[in-house]
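Engineer: predicted coordinates and the sequence they were generated for:
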Amino acid sequence: MSKIRIKNFGPIKEGFVETLSDGTINEWIDIKKVTVLIGNQGSGKSTVAKLISTFMWLEKAMIRGDVNANISASDFVEMLAYHRMEDYFHTDSVLEYKGLYYTISLQAPSVQGNRSIAGKKHSRATINLPKIMYVPAERNFLSAIKDTNKISNLLAGSLSTFAVEYRRAQLNSAGKSLPLPINSAKIRYDEDKDETILTVGDKPLKLSSAASGFHSVVPLYWVSKNILNFIHQDEKKLLQTLSTDQIIRRERDLKLLHLHGISESESKVKISKVNSRFFCRHFVNIVEEPEQNLFPSSQKHVLESLMEFNNSDKENKLVITTHSPYLITYISLAVKADDLKEKVKSKELKDKLNEIVPIVSTINPEELVIYELNESNGTIRKLGEFEGIPSDKNYLNRSLREGNELFDLLLEIEEEL
């Protein structure tokens, strides 16, 4: 399991500090199969998600040889600028990431006062590279306008990369109708008119003219679905996606294998090990606010789709930032359903369970972690749970309760009139 440690970076100050049962202190944020970040604006949810994305990408780049294991501070700041975090550094910032293949950390200042990033390789034989997708909150913009390809030079950072993936999803499914997880709607890209058509019921309309909820869902769902299709391609097609430098390094590594005189099966195993350093075979989906502009039931259906995508491979990961108490409730349902699915035997009960929570969208509580971030003091804490079910004593539910309590106070005033 991957982990990250963050202190004094942007809005995050003390960060995550946990006292374990043996009295030792743990400062590592776990990145599990499903990782959820909740908190107020400015608490650092997106900061954590963006750092996870940055370090996972760095680890993959080091494996492929795209970057060196040691990176200058200026180069790293440029990487942070991709996510608009170049101004988040403090003199006492602590950043460290423990991945499956590398430990990557921000080094202490040198005598000259310079800092750098260093990667230390782990001795792990089997490599499974991820396709990492950061889905920004600004994705709605891509649905609201018609010709995103004509303004691509105005986009920057993660939105620019996401726009490329969105365009790729459109072109890869041109002419095909794709069902959406909400409102029994479908989308289709018309290549001749360069338009995305949304159909709800029997009524087709341009996506740019649709409700804001569709502007949020369509890019998120379409890109996620297309990336899943991408990683399941055969190696011949994946080879076509490599950069020129990656192709050259792969060919160099294949020449060093000395395949003469060994069996075909042994040769395939060795070639597969080389390919594993270049081809992405699982998906890390990092999503800002999947609930954007959505009715609660639609939030549930979108979450279930993301969970289904995540469950399609054991190595996939889903990282979510959210302000929605509904999502936490629906995640709790997915945990409970995961417990029940192994116990339910009859078809009738299985069908009933599947109507409440699709069995393909459940989550084992051991593979889930929820963190609450505090904007006032820059701390992070792990949300408690009972028998694997996330606690309802969290920031989001407390806000709902406060609304009810304030309404009671208004009623008291009314009684005194």
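Structural biologist: In hand now; what should we look at?
Engineer: flag the shaky bits of this protein, pLDDT-wise.
Structural biologist: 110-113, 124-125, 146-154, 261, 386-388, 391-404, 406-407, 410, 413-414, 417 (pLDDT under 70).
Engineer: could you find the closest non-adjacent residue to the residue nearest the centre of it?
Structural biologist: The residue lying closest to the centre of the chain (C-alpha atoms, centre = their mean) is Ile286, at 1.4 Å. Spatial nearest neighbour of Ile286, excluding adjacent residues (C-beta to C-beta, 6 or more residues apart in numbering): Val319 at 4.4 Å. All C-beta atoms are positioned from the backbone trio N, CA, C, and that covers glycine.
Engineer: sorry, back to before: so what touches the helix or strand the residue nearest to the centre of the chain falls within?
Structural biologist: Element membership for Ile286, per DSSP states H and E: strand 280-288. With C-beta atoms under 8 Å, 6 or more residues apart in numbering as the test, strand 280-288 has contacts from 46, 49, 52-53, 56, 128-137, 220, 224, 227-228, 230-231, 238, 306, 309-310, 313, 315-321.
Engineer: I'd like the next helix or strand past that strand.
Structural biologist: Past strand 280-288, further along toward the C-terminus, the next helix or strand under DSSP H and E is helix 296-311.
Engineer: need the CA coordinates for that next one. PDB is fine.
Structural biologist: Below are the C-alpha coordinates for helix 296-311, written out as PDB (Å, rounded to 0.1, in the frame of the first residue of the first chain):
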ATOM      1  CA  PRO A 296     -28.500  13.200  -4.200                       C
ATOM      2  CA  SER A 297     -29.800  10.100  -6.000                       C
ATOM      3  CA  SER A 298     -27.600  11.100  -9.000                       C
ATOM      4  CA  GLN A 299     -24.600  11.400  -6.700                       C
ATOM      5  CA  LYS A 300     -25.300   7.800  -5.600                       C
ATOM      6  CA  HIS A 301     -25.400   6.500  -9.200                       C
ATOM      7  CA  VAL A 302     -22.200   8.400 -10.200                       C
ATOM      8  CA  LEU A 303     -20.400   7.100  -7.100                       C
ATOM      9  CA  GLU A 304     -21.500   3.500  -7.800                       C
ATOM     10  CA  SER A 305     -20.100   3.800 -11.400                       C
ATOM     11  CA  LEU A 306     -16.800   5.100 -10.100                       C
ATOM     12  CA  MET A 307     -16.700   2.200  -7.600                       C
ATOM     13  CA  GLU A 308     -17.500  -0.300 -10.300                       C
ATOM     14  CA  PHE A 309     -14.700   1.000 -12.500                       C
ATOM     15  CA  ASN A 310     -12.400   0.800  -9.500                       C
ATOM     16  CA  ASN A 311     -13.400  -2.800  -8.700                       C
END
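Engineer: report the next helix or strand after it in sequence order.
Structural biologist: strand 317-322.
Engineer: where do the helices of the stretch 201-350 of the chain begin and end?
Structural biologist: Secondary structure of the stretch 201-350 of the chain (DSSP state H, counting those that start in this stretch): helices at 212-231, 235-239, 244-255, 264-275, 296-311, 325-341, 347-356.
Engineer: now do the fifth one against helix 325-341, angle only.
Structural biologist: For the pair helix 296-311 and helix 325-341, the angle between their directions (axes from the mean of the first three to the mean of the last three C-alpha atoms, to 10 degrees) equals 50 degrees.
Engineer: give me the contact list for stretch 310-319.
Structural biologist: In contact with stretch 310-319 (C-beta under 8 Å, 6+ apart) are residues 31-37, 49, 52, 128, 130, 228, 231, 281-287, 306-307, 309, 360-363.
Engineer: sorry, back to before: and the residue nearest to the centre of the chain, what are its bridge partners?
Structural biologist: Tyr134, Val319 (DSSP bridges).
Engineer: show me what counts as buried in the strand holding Ile286.
Structural biologist: For strand 280-288, a neighbour-count test (16 or more other C-beta atoms under 10 Å) marks Cys280, Arg281, His282, Phe283, Val284, Asn285, Ile286, Val287, Glu288 as buried.
Engineer: quick check: the farthest pair among the residues you listed?
Structural biologist: Arg281 and Glu288 (24.9 Å; C-beta to C-beta).
Engineer: and Ser143, backbone torsions?
Structural biologist: Here is the backbone geometry of Ser143 (degrees, to the nearest 10): phi -90, psi -30.
Engineer: let me fix that, I meant to ask about Ile370.
Structural biologist: Dihedral angles (degrees, to the nearest 10) for Ile370: phi -120, psi 130.
Engineer: so who does it touch?
Structural biologist: Contacts of Ile370 by C-beta under 8 Å, 6+ apart are Thr35, Val36, Leu37, Ile38, Ile328, Ile331, Lys382, Leu383, Pro390, Asn394.
Engineer: so how far is Pro181 from the fourth one?
Structural biologist: Here the criterion is C-beta to C-beta, to the nearest Å. By it, Ile38 lies 22 Å from Pro181.
Engineer: between these two, who's got more neighbours?
Structural biologist: Ile38 (23 against 17; other C-beta atoms under 10 Å).
Engineer: my guess is that one contacts Tyr326. True?
Structural biologist: No - here Ile38 lies out of contact with Tyr326, judged by C-beta atoms under 8 Å, at a distance of 11.9 Å.
Engineer: what count of nearby residues applies to Leu333?
Structural biologist: Leu333 has 18 nearby residues by other C-beta under 10 Å.
Engineer: can you check the one 10 residues further on too?
Structural biologist: Residues contacting Lys343 under the criterion other C-beta under 10 Å number 8.
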